[in-house]
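*Asks:* model the following, please.
(one chain, ligands or ions: 1)
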Amino acid sequence: MRSTKILALSGSLRAASYNTAAIQALKILAPSNIDVAIGSIGDLPLFNPDREGEHIPSLAALTDSLKNSDGLVIASPEYAHGISGPMKNALDWLVSGTEFPYKPIMLINTSPRASHAQASIREVIKTMSGIVVDKACVTIPLLSSDLDAAGIVENKDISDALKLGLNALCAEIEAQKLSSLAN
Ligand SMILES: Cc1cc2nc3c(=O)[nH]c(=O)nc-3n(C[C@H](O)[C@H](O)[C@H](O)COP(=O)(O)O)c2cc1C
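*Replies:* Here you go, the predicted model:
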């Protein structure tokens, strides 16, 4: 049976990022039939509509991996009550494409105190016709935890939350596949 393909993106470029650690942990925790690929947004140029249609290798890599994925995971920090610049930049590059609309999405919030950026990214995703899967969205207390990916995997509460979220995302993907077969 074909594995379910998930693309995971971190909105932080920081080497010791909790958001990046969360998606690295998700990749480790995923069962063998779920392939979590970690994408990169750090090399994208600043969004410029004049450059849409130009061949930009980092953008082509992102759109190809999104096209080949059944679902998307976004773990992105809050900066000054907003979406991180790198993540908003990546989303802006994807606005005009065909890869993002109707993609089921899991949001990971690594800081329980951060609510503005999560609300804002939901609005952006809705505007871009992505589907936030509510049951798949998790808030995990990583801020100031000093946990890296291995530490997250070893932490039962946090790894259970990530696994439940991923299961819910994959259940939505399966439900979408069944309903498209029925139609
Ligand atoms: C410039 C800056 C602004 C921030 N603004 C907020 C904020 O408004 N709300 C919040 O909850 N955290 C804020 N933070 C904390 C970050 O969200 C937090 O450090 C997060 O862990 C960064 O993600 P990362 O670990 O994946 O790099 C801010 C951090 C920085 C560096």
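*Asks:* who are the packing partners of the top helix by length along the chain?
*Replies:* As assigned by DSSP state H, the longest helix anywhere in the chain is helix 156-182. Helix 156-182 is packed against strand 4-10, helix 18-29, strand 34-38, strand 71-75, strand 104-109, strand 138-139, helix 149-154, with contacts defined by 3 or more CB pairs under 8 Å, 6 or more residues apart in numbering; DSSP states H and E. Using the backbone N, CA and C atoms, a C-beta is placed for each residue, glycine as well.
*Asks:* the ones you listed: which one's closest to residue 169?
*Replies:* Checking the helices and strands packed on helix 156-182 against residue 169 by CB to CB gives strand 104-109 as the closest, at 4.3 Å.
*Asks:* still on that earlier bit, now the longest helix of the chain: buried residues?
*Replies:* When burial is assessed from 16 or more other CB atoms under 10 Å, helix 156-182 yields the following buried residues: 158-159, 161-163, 165-166, 168-170, 172-173, 176.
*Asks:* returning to that earlier point: need the helices and strands packed on helix 156-182 in TSV with mean pLDDT and mean neighbour count, can you?
*Replies:* Putting those into TSV (pLDDT from 0 to 100; neighbours: other CB atoms under 10 Å) gives the following:
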stretch	mean pLDDT	mean neighbour count
strand 4-10	98	23
helix 18-29	98	23
strand 34-38	98	18
strand 71-75	98	27
strand 104-109	98	25
strand 138-139	98	20
helix 149-154	98	16
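*Asks:* among the buried residues of helix 156-182, which two are most distant?
*Replies:* Within the buried residues of helix 156-182, two members stand farthest from each other by CB to CB: 158 and 176, at 27.5 Å.
*Asks:* now the longest helix of the chain against strand 34-38, angle please.
*Replies:* Using axes from the mean of the first three to the mean of the last three CA atoms, to 10 degrees, the inter-axis angle of helix 156-182 relative to strand 34-38 is 110 degrees.
*Asks:* separation between residue 90 and the ligand?
*Replies:* Distance of residue 90 to the ligand, computed by CB to the nearest ligand atom, to the nearest Å: 15 Å.
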